[in-house]
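*Asks:* The following block contains a protein sequence and its predicted model.
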Amino acid sequence: MSAVITKRPAEEGTESPVREMVGGYLARVRGGDMGALPAVSALVALCLFFWVAQPVFMSTSNLANLFTQGAAGIVIAMGLVFVLLLGEIDLSAGFTSGVCAAILAVTLTQQGWPWYAAVGAALLTGALIGTLLGTIVVKIGIPSFVVTLAAFLALQGVALKIMDNGTNVSVNDKTIVAIANDNVPITLGWVIFVVGILGFAAVQFKQFSTRRRRGLTGQSLAGLVVKIAALAAVCGFVVYVLSMERSRNPAFASLKGMPIVVPLILVLLVVFTFVLNRTSFGRHIYAVGGNQEAARRAGINVDRIKITAFVLCSAMAAIGGIIAASRANSVDPNTGGSDVLLKAVGAAVIGGTSLFGGRGRMLDAILGGLVIAVIDNGMGLMGYSAGTKFIVTGLVLLLAAGVDALSRRRSLTTR
Amino acid sequence: MTASENQVPGPVIELRGIDKSFGPVQVLHGVDFEAHVGEVTALVGDNGAGKSTLVKCIGGIHPIDAGDYLFEGRPVHVGGPRDAADLGVEIVYQDLALADNLDIVQNMFLGREKKSGIVLDEYTMEELAAETLAGLSVRTVKSVRQQVSSLSGGQRQTVAIAKAVLWNSKVVILDEPTAALGVAQTQQVLELVRRLADKGLAVVLISHNMNDVFAVSDRIAALYLGRMAAQVKTRDVTHAQVVELITAGRSGDLGLQQANGNGAKA
Ligand SMILES: Nc1ncnc2c1ncn2[C@@H]1O[C@H](COP(=O)(O)OP(=O)(O)O)[C@@H](O)[C@H]1O
Ligand SMILES: [Mg+2]
C-alpha cells in the first residue's frame, strides 16, 4: 500500500534472480497466464522419455526429421495464433494451405512458372482467402466458426477442381524442393546461431539499460543473464546435434546441418513476435481479443484488425502449404486435409495460446507444434499404431485446453 | 467549495435538444445539458432514465438523432470516440472498458500508443502512466506493469480515471464510478473526482448516491424518463428535492411541469 509508484532503481537489491523469476511467474499465473512453462516442461519430459525408451529418438537424423515433419503444421499454427488471439478461429486453414499448395504445384509444373512467381501466386491466393473469410466474419457477422467451417468444405472442393478432380501434381523445382529437404551448411548454421543469440542478448541488454537509465523497474541483470544462457545452451545443443553427419554413407552423399525450415521458422518467429509485441497493430490484436468493446471505445478500428488477422493467418497457411508440397515433392487433393488443421490448432493451444482470445504468443505455436511432432515421432519409433498416436495427441490437447479454461476461470475469480 | 465562484466561463460542453432513439424506442427527448470548467456536475436519474445513453452520445459511441453539441461555444460534430477524445472529452464508462489481458500502461494508452518510428515507446508510456497516477496521489497500485485482471474494483476504477486524465483532457465524465465499490474505495474515488475539478477540469459524475452527489458536486442535472427535469446549483436544493426530481420529474416549481419539455434551469 505504500507509494511504490514512485520510481526506484531497476535492480531489486539482493533478491536472487531465481526467486525474482519464480515470483514474477507466479504473479502472472495468478493473472491467468501460464506462459511457456507447461509446454516447455512437457517438451523436455517427452524428449527425455522417448530418449530413454528409444535412444534413436535423439539421433541426429531423427531430430532433423522431427523439424521437417513438424514444420508445415507449425507455420500454419503460427498463423492461427493471430486469429485465436482475437477469440476467433479458422477451421479452413488446413485446406487453405492445400489450395495454395495446389496453386503452387499447378503454376510450377503445368504452367512452367519460375519458383518465385509460383510462391507469389500461392501467397496471394492465401491472402485473398483470408480477406474473404475476414470480411464475411466482420461485415456480415457470421461467427468465424461457421464461416470457416463452410470454407473448410468449399476449399476442399476448390483443391479438387484445381487438380483435375484428384490427380497428384508433382513438384520438381529445385528451390521449392530444397525448402523441406535440404540443409543449411554447417558454418552458416553456427553463424545463424551466434547472430541469433547475440542479437537476442543485444536487444535484451539494451532494454535493460534503457529501463535502468530512465529509472523504471524491470528484470534484474542476473535474471537476464540466466535467461540468455539457458536459451544459448538449448539452441546450441540442437544446432550441434543437427550439425552431425547423419548419412548412412557419407562418402556417397553427406547429410548434415540444420534443415532450411528451421531458420525459415525462426525468421517468421522474430518478425511476428516483433509485430505482436512492439507495434500498435499487435497491441490492438490483444486488446480486441481481451475486450472488443474497450478496443472500440479506444477508437481502434476493430474490423480492420480482424480482417488483417485473417489475412495473416491464411497467408501463413499458404507458407505451410508450400512447405508441405516441398516435403512431399508433390501436391494431392488431401494436402492440408486430414488432421493438419486440428493439429495446428492443437499446437497453438498446447503451446499456451488461449481459445478464449487475448492470450498467446507466436512462440506457443512452435512449442506446441514440437510437442505434437515429438509425440507423433516418438510413439512411431516405439511402434505404436496411428490410432494410439491420435488418442494420445487428443488427450494432450484436451489437457492443454483444460489448463487454459481453468487458468481463465481463475483469473476471472481473483478480482 | 467550488473553484468557479469568481470566474464566469460559459459551459465547456453544452447540449441542446438532444434526441436519441434505439429503433422504435426513444430514450432521450430534447435533452439540454451543460458542464462547466472547475466544477463537478452530478448527473442523476432513476435506472433507465438515459444517463448512460446521454454520456455515450457525448462520447461519440452513439450518434445523436437531433440537437446541438457545442464545445467551448462552437458547434461540433462528434462522430466517434476519436472525435470526442480530440476535443478533450474523456469518458469513464460504467462498464469500465478496460482490457483484462493488458497491463495498466497498455490500457491507459490503448488506441493512442506512443511510438518511436513504428515501434511502441514503452518507456515513455510507462513513465507518463506512473506520473499520472502519482499526480492523482494514487498509492494503491503496486506496479504499472500489473495486468488489469489482477486489480481490485477500486484499482480498476482508478486506472480508468487515470486513463481519462492522461490526455490533458478538458472534460471527464464518470458513469457510476462508485457503484461497485466499498466505503473506503468510494471515498478515495470521490476525493479523486473533486481533485480533478479543482485542477480545472469539467467533471460530470453520474451517481445514484445522494450523499456522494451532495459531497462533491457543484451542480445537479436530473434526468427523468429521458427528459432533463432540471439543472440546478447543488447549494440551492435539498436532498429531498433532488429525490423528487429523480422519482417524479418535478419538485415544487422545479422540474417538468407537464411531463413534457425540459424543466427550466434554476
Ligand atoms: N444500445 C441500446 N439499444 C437499445 N436500447 C438501449 C440501448 N442502450 C440503452 N437502451 C435503453 O435506453 C434506456 C436508458 O438506458 P441507460 O441510458 O442505460 O439508463 P441509465 O444509465 O440512466 O440507467 C433503457 O430503457 C435502456 O434499455
Ligand atoms: Mg447507466
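*Replies:* The structure has been received and is ready for your questions. Because the structure is a prediction, the values reported are computed rather than measured. Numbering: from 1, shown residues only, chains lettered A, B, ... in the order given. Ligands and ions are numbered 1, 2, ... in the order given.
*Asks:* can you pull out the strands in the stretch 101-250 of chain A?
*Replies:* For the stretch 101-250 of chain A, the strands defined by DSSP state E, counting those that start in this stretch occupy A:169-170.
*Asks:* Quick check, the residue in it closest to ligand 1?
*Replies:* The minimum distance from the stretch 101-250 of chain A to ligand 1, using Cβ to the nearest ligand atom, falls at A:Gly141 (15.9 Å). Any C-beta I mention is one placed from the backbone N, CA and C, and that applies to glycine too.
*Asks:* right, is stretch A:257-270 up against chain B?
*Replies:* No. Using Cβ under 8 Å from any Cβ of the partner chain, stretch A:257-270 never reaches chain B; the gap is at least 14.0 Å.
*Asks:* Report the mean confidence score over that stretch.
*Replies:* Over the span of stretch A:257-270, the pLDDT mean works out to 93.
*Asks:* buried sites along it?
*Replies:* For stretch A:257-270, burial by neighbour count (16 or more other Cβ atoms under 10 Å in any protein chain shown) applies to A:Gly257, A:Met258, A:Pro259, A:Ile260, A:Val261, A:Val262, A:Pro263, A:Leu264, A:Ile265, A:Leu266, A:Leu268, A:Leu269.
*Asks:* sorry, back to before: how near is the residue of the stretch 101-250 of chain A closest to ligand 1 to A:Gly368?
*Replies:* Per Cβ to Cβ, to the nearest Å, A:Gly141 is found 30 Å from A:Gly368.
*Asks:* A:Gln204 contacts A:Leu224, correct?
*Replies:* Yes. Counting by Cβ atoms under 8 Å, A:Gln204 touches A:Leu224, with 5.6 Å between them.
*Asks:* Close to ligand 1: what parts of chain B are there?
*Replies:* Proximity of chain B to ligand 1, by Cβ under 6 Å from any ligand atom, involves residues B:Phe22, B:Val25, B:Val27, B:Gly45, B:Asn47, B:Gly48, B:Ala49, B:Gly50, B:Lys51, B:Ser52, B:Thr53.
*Asks:* filter the residues you listed by proximity to chain A?
*Replies:* With Cβ under 8 Å from any Cβ as the criterion, those include none near chain A.
*Asks:* of the residues you listed, buried ones?
*Replies:* Buried members of these, counted by 16+ other Cβ under 10 Å: B:Val27, B:Gly45, B:Ala49, B:Gly50, B:Lys51, B:Ser52, B:Thr53.
*Asks:* Of the buried residues of stretch A:257-270, which belong to helices?
*Replies:* Counting by DSSP state H, the buried residues of stretch A:257-270 place A:Val261, A:Val262, A:Pro263, A:Leu264, A:Ile265, A:Leu266, A:Leu268, A:Leu269 in helices.
*Asks:* Find the residue closest to the second one in space, skipping its chain neighbours.
*Replies:* So the one you mean is A:Val262. A:Phe67 (5.6 Å; Cβ to Cβ, 6 or more residues apart in numbering or on different chains).
*Asks:* quick one: that neighbour and A:Pro259 touch, right?
*Replies:* Yes. Using Cβ under 8 Å, A:Phe67 is in contact with A:Pro259, at 5.1 Å.
*Asks:* ok now do the residue in the stretch 301-415 of chain A that chain B sits nearest to, which residues does it touch?
*Replies:* Closest to chain B within the stretch 301-415 of chain A is A:Gly358: 3.8 Å, counting by Cβ to the nearest Cβ. A:Gly358 makes contacts with A:Leu85, A:Gly87, A:Tyr286, A:Gly289, A:Gly290, A:Asn291, B:Ala99, B:Asp100, B:Asn101, as judged by Cβ atoms under 8 Å, 6 or more residues apart in numbering or on different chains.
*Asks:* where along the stretch 151-266 of chain B do the helices fall?
*Replies:* B:153-165, B:183-198, B:210-216, B:239-248 (DSSP state H, counting those that start in this stretch).
*Asks:* any low-confidence regions in the chain?
*Replies:* Let's take chain A. Along chain A, the model assigns pLDDT under 70 to residues A:1-18, A:20-21, A:24, A:27-34, A:410-415.
*Asks:* meant chain B actually
*Replies:* Where chain B drops to pLDDT under 70, the residues are B:1-9, B:96, B:258-266.
*Asks:* Smallest gap between it and chain A, at which residue?
*Replies:* For chain B, Cβ to the nearest Cβ, closest residue to chain A: B:Gly111, 3.2 Å.
*Asks:* contacting residues for the residue nearest to that residue when sequence neighbours are not counted?
*Replies:* Closest residue in space to B:Gly111, ignoring its immediate chain neighbours: A:Ala298 at 3.2 Å, by Cβ to Cβ, 6+ apart. Shown in contact with A:Ala298 (Cβ under 8 Å, 6+ apart): A:Ala287, B:Pro81, B:Ala97, B:Leu110, B:Gly111, B:Arg112.
*Asks:* how about a cut-off of 10 Å?
*Replies:* Going by Cβ atoms under 10 Å, 6 or more residues apart in numbering or on different chains, A:Ala298 touches A:284, A:287, A:291, B:81-82, B:85, B:97-99, B:107, B:109-113, B:163.
*Asks:* again, but for A:Leu132
*Replies:* A:Val147, A:Ala151, A:Ile307, A:Phe310, A:Val311, A:Ser314.
*Asks:* tally of neighbours for the second one?
*Replies:* It stands for A:Ala151. A:Ala151 has 24 neighbours, counted by other Cβ atoms under 10 Å in any protein chain shown.
*Asks:* Then the fourth one?
*Replies:* The criterion is other Cβ under 10 Å. On that basis, A:Phe310 has 30 neighbouring residues.
*Asks:* Next secondary structure after whatever helix or strand it lives in?
*Replies:* Following DSSP states H and E, one finds A:Phe310 within helix A:302-328. Counting by DSSP H and E, the next helix or strand C-terminal to helix A:302-328 is strand A:330-331.
*Asks:* What is that following strand packed up against?
*Replies:* Applying 3 or more Cβ pairs under 10 Å, 6 or more residues apart in numbering or on different chains; DSSP states H and E, one finds that strand A:330-331 contacts helix A:93-105, strand A:169-170, helix A:302-328.
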